[in-house]
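Q: the sequence and its predicted three-dimensional model are supplied below.
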Amino acid sequence: MIRHGVAQPRNPWSDGPEYITQCPIQPGANFTQKIIFSKEEGTLWWHAHSEWDRATVHGAIIIYPNKDNNYPFAKPHAEIPIILGEWWKEDIGKLYTQTLQSGGDPNNSAAFLINGQPGHRYPCSDSETFNLMVDYGKTYLLRLINSVAQEIMFFSIANHKVTVVGADASYTKPFTTDYVTISPGQTLDLLLTANQKPNHYYMAAKAYVGGVGVPYDNTTTTALLQYSNRGSKNYTYTPSPTPSFPTLPAYNDTNASVNFSGSLRSLADKNHPIDVPLKITTHLFYTVSVNSFPCPNNSCDGPNGTRFAASVNNISFVDPSIDILQAYYYHVNGEFGTRFPDIPPLPFNFTAQDLPLYLQTPKRGTEVKVLEYNTTVELVFQGTNLVSGDDHPMHLHGYSFYVVGLGLGNFDKDKDPLKYNLVDPPLRNTVIVPVNGWTTIRFKANNPGN
């Protein structure tokens, strides 16, 4: 189990990811987890961290300001968690096992969910669709969480705008928009003011998929925003037969995704200062790729009979026999290596349309990057077009980091750093690397073991 985005300072043994900081909790066994909150304030979430169990084992974490402080915005009338999820017609554990055996893409989910329900478009959910009752003129804080296993999601509410005031348990400068983009693992704090004509309005979410030919769940989940008869000038109203539906970006609108992510800024006021590393001691450049391994007689279900894989700097991770933290602490040899490369071993035109097939096969390994305490790190994530270019959500355990830049195409080490935001970059724990694009983060390595 992991408390996603909780730094757990000096407490890596309860961080949660299997075979990294601890071994999986065995069936019938128990584990007492110690949770240490530090600077987090806002919305996070917890989830299982073994195979795909997080798809159904998850929930919200809400961290309020301490008793001597207030929100950096007017106190909302009410707060409502909005959890985006998904539902399969088959056991998720069996699906995961079948996917590993076949080497192909997993079956798509049957539906996306808002607070556990797919919405009015599904007869089975019609009577139990999530309804958010609001009073005219009141403001509400929506705590939006994306617990979907793989898809980045667009979310919107018909005829209403929302104001982003927080992301990944860190306050942001208020940013008003008619849609948001949220990747798996991310959270957003949104202020919604009920200032439209009293009626019923749909809120909706659907997948964003930047990769060409990438299979995905193309359904749309809905919930209902329903005005009460309190607080409005017209104390009674007859709702429209069909609620208004929001306009969401096209499923493959990469610019909409990138523009939203690039619009976020840290609040960075005197009560919420930031500390962006300016003097960098370690520069890292990591490619993030979809890959494939050959199968005997082309017998797998991946491209051309291969097995799907993924890699960072051309290394596809192999689970050790015990968790890496335990092996490190007890000096167990042979479980991992310390030669993870700082840069790609083989440079190439990462986002070219036609790439040689030999580049698709990565190396297998269990390698780590060792950092000295208080090292200041700049890490550039570069997406590649191997097999199929796609967006990649990236999460760093034990840290939040400053997202100082992002863009499309190949990262230009001479030009792109000139456009970094080093004044008020957003502080996140999960970031989207755009399809065939790059994202740069900065952090200080001051949390040993995570």
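A: Structure's in. What do you need?
Q: mind listing what's buried in the top helix by length along the chain?
A: Across the chain, the longest stretch assigned as helix under DSSP state H is helix 92-102. Counting neighbours by 16 or more other CB atoms under 10 Å, one finds that the buried residues in helix 92-102 are 92, 95-96, 99, 102. C-beta: built from backbone N, CA, C; applies to glycine.
Q: how many neighbours does Y122 have?
A: Applying other CB atoms under 10 Å, we find 18 residues neighbouring Y122.
Q: same thing with L278?
A: Neighbours around L278, by other CB under 10 Å: 8.
Q: once you drop chain neighbours, what's closest to it?
A: L422 (6.5 Å; CB to CB, 6 or more residues apart in numbering).
Q: that older thread, which residues sit against the longest helix of the chain?
A: 51-53, 55-56, 88, 105-107, 300-301 (CB atoms under 8 Å, 6 or more residues apart in numbering).
Q: could you tell me which of those are located in helices?
A: Among the contacts of helix 92-102, no member lies in helices (by DSSP H).
Q: show me the two of those that sit farthest apart.
A: T56 and C300 (27.0 Å; CB to CB).
Q: more neighbours, those two?
A: More crowded of T56 and C300, by other CB under 10 Å: C300, with 20 against 17.
Q: surely the more buried one is in contact with A309?
A: No: the pair C300 / A309 is not scored as a contact, 10.6 Å apart, by CB atoms under 8 Å.
Q: that older thread, mean confidence (pLDDT) on the longest helix of the chain, please.
A: The pLDDT scores in helix 92-102 average 93.
Q: where does that helix sit relative to the chain's centre, distance-wise?
A: 22 Å (CA atoms, centre = their mean, to the nearest Å).
Q: again with stretch 433-450
A: 13 Å.
Q: what's the answer for stretch 410-418, then?
A: The mean C-alpha position of stretch 410-418 is separated from the chain mean by 25 Å, CA atoms, centre = their mean.
Q: now it: buried residues?
A: For stretch 410-418, by 16+ other CB under 10 Å, it's 410-411, 416.
Q: so what would you say the end-to-end distance of that stretch is?
A: End-to-end distance of stretch 410-418 (CA to CA, to the nearest Å): 15 Å.
Q: please shift the residue numbers so they start at 577 in all later answers.
A: Sure thing, new numbering starts at 577, so read that last one as stretch 986-994.
Q: residues in contact with it: which ones?
A: Outside stretch 986-994, the residues that reach it (CB under 8 Å, 6+ apart) are 861, 925-927, 956, 958, 981, 983, 1014, 1016.
Q: mark which of those are buried, thanks.
A: Looks like the contacts of stretch 986-994 have 861, 926-927, 956, 958, 981, 983, 1014, 1016 buried, using 16+ other CB under 10 Å.
Q: if we take these, which one ends up nearest to V582?
A: After measuring the buried ones among the contacts of stretch 986-994 against V582 - CB to CB - the closest member comes out as T1016, at 24.0 Å.
Q: the residue lying closest to the closest one once chain neighbours are set aside in helix, strand or coil?
A: Of all residues not flanking T1016 in the chain, G981 sits nearest, at 4.3 Å (CB to CB, 6+ apart). For G981, the secondary structure call by DSSP: H, G, I helix; E, B strand; the rest coil comes out as strand.
Q: measure G981 to S816 for me?
A: G981 sits 44 Å away from S816, taking CB to CB, to the nearest Å as the criterion.
Q: if we can go back for a sec, for the buried residues of helix 668-678, which one is nearest P921?
A: Checking the buried residues of helix 668-678 one by one against P921 (CB to CB), the nearest turns out to be T675, at 28.0 Å.
Q: the nearest residue to F893 once chain neighbours are set aside: neighbour count?
A: The shortest distance from F893 to any non-neighbouring residue, by CB to CB, 6+ apart, is to T942 (6.6 Å). T942 is flanked by 18 other residues according to other CB under 10 Å.
Q: list the residues that contact T942.
A: Applying CB under 8 Å, 6+ apart, we find T942 in contact with 893-896, 900, 911-913.
Q: the helices in the stretch 727-876 of the chain, which residues?
A: 830-838 (DSSP state H, counting those that start in this stretch).
Q: can you pull out the strands in it?
A: 728-733, 738-743, 747-753, 756-758, 763-769, 776-784, 796-803, 858-869 (DSSP state E, counting those that start in this stretch).
Q: right, so of the ones you listed, which gets closest to S820?
A: Nearest of the strands of the stretch 727-876 of the chain (CB to CB): strand 776-784, 5.2 Å.
Q: now the closest one against strand 738-743, angle please.
A: 50 degrees (axes from the mean of the first three to the mean of the last three CA atoms, to 10 degrees).
Q: name the helices or strands packed onto strand 776-784?
A: strand 687-690, strand 728-733, strand 796-803 (3 or more CB pairs under 8 Å, 6 or more residues apart in numbering; DSSP states H and E).
Q: got the angle for it vs strand 728-733?
A: Inter-element angle recorded for strand 776-784 and strand 728-733: 170 degrees (by the same axes, to 10 degrees).
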